[in-house]
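Asker: next input, structure requested:
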Amino acid sequence: SPQEQMLLDLVDSGLNWGKRRVFAKMVMNLDNNVRKVVDALASAKLLQDTVVAFASDNGGCPKDGGSNWPLRGTKFSQYEGGVRVPAFLWSSTLQKRGAGTRFAGLFHVTYWFPTLVASAGLSAKIDKVDGVNQYDALFDEDVDHPRDEVLIHLNKWAQGEDAAAVVPFASTPAALRWKD
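Answerer: Residues are numbered from 1 along each chain as shown. Below you'll find the predicted structure:
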């Protein structure tokens, strides 16, 4: 595509991008391979019965080429730059909501399991599932978001020299997101 070629030309222009150059190429490679999977599903006439979901697990790490601008904070922080992440959801049944819409509700990573199980017409019958099924709120704009609070960060780990190290809960940063 013209956009892909423009990005390739920019990334290969010789400007000092540092790790962002590698990061950009990795994202382009991921995008190309997702396209192959979607094309294969369409060729096999399975795409209409498929939910495609992508989400990051945390904010970007600038030392590895990530950027959270304009949000404050990075990976390992309780600020929005560390916990608010992009996500993408596609399904032929999302037409009720409309393409390109933004979900304004709170959505934690633990909600993916019960939500995707519900998208298959099933229910999670596992004891102690942390997640909340958000299927109806995602797929129907007339349904209210089921959560107005979420614990977004309670990290008892700190980066050590060789690996993560446990820190006492007394000095553990935490944050609670309340409504939007």
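Asker: model confidence for the closest residue to Asp144 other than its chain neighbours, exactly?
Answerer: Spatially, and ignoring its direct neighbours in sequence, Asp144 is nearest to Ala137 (6.8 Å; C-beta to C-beta, 6 or more residues apart in numbering). Backbone N, C-alpha and C define where each C-beta goes, glycine included. The model reports Ala137 with a pLDDT of 87.
Asker: likewise Val51?
Answerer: In the predicted model, Val51 carries a pLDDT score of 88.
Asker: which helix or strand in the chain has the lowest average pLDDT?
Answerer: The weakest-scoring helix or strand in the chain, judged by mean pLDDT, DSSP states H and E, is strand 164-166 (a mean of 52).
Asker: confirm the residue nearest to Asp144 sits in a strand?
Answerer: No - judged by DSSP: H, G, I helix; E, B strand; the rest coil, Ala137 forms no part of a strand; its state is helix.
Asker: list the contacts for the closest residue to Val52 other than its chain neighbours?
Answerer: Spatially, and ignoring its direct neighbours in sequence, Val52 is nearest to Trp90 (4.3 Å; C-beta to C-beta, 6+ apart). Under the criterion of C-beta atoms under 8 Å, 6 or more residues apart in numbering, the neighbours of Trp90 are Val51, Val52, Ala53.
Asker: could you confirm Trp90 falls within a helix?
Answerer: No - going by three-state DSSP, the assignment for Trp90 is strand, not a helix.
Asker: what about the residue nearest to Arg72 when sequence neighbours are not counted, how many neighbours?
Answerer: Leaving aside its sequence neighbours, Arg72 sits nearest to Tyr79 (C-beta to C-beta, 6+ apart; 4.6 Å). Tyr79: 17 surrounding residues under other C-beta atoms under 10 Å.
Asker: again, but for Val51
Answerer: For Val51, the neighbour count with other C-beta under 10 Å is 17.
Asker: OK, contacts around it?
Answerer: Val51 neighbours (C-beta under 8 Å, 6+ apart): Leu89, Trp90, Ser91, Leu116, Ser119.
Asker: can we see that at 6 Å?
Answerer: The contact partners of Val51, taken as C-beta atoms under 6 Å, 6 or more residues apart in numbering, are Ser91, Ser119.
Asker: check the gap between it and Asp127 for me.
Answerer: Between Val51 and Asp127 the computed distance is 25 Å (C-beta to C-beta, to the nearest Å).
Asker: quick check: buried residues in the longest helix along the chain?
Answerer: Assignment by DSSP state H gives helix 19-43 as the longest helix of the chain. Buried positions in helix 19-43, judged by neighbour count with 16 or more other C-beta atoms under 10 Å: Arg20, Arg21, Phe23, Ala24, Lys25.
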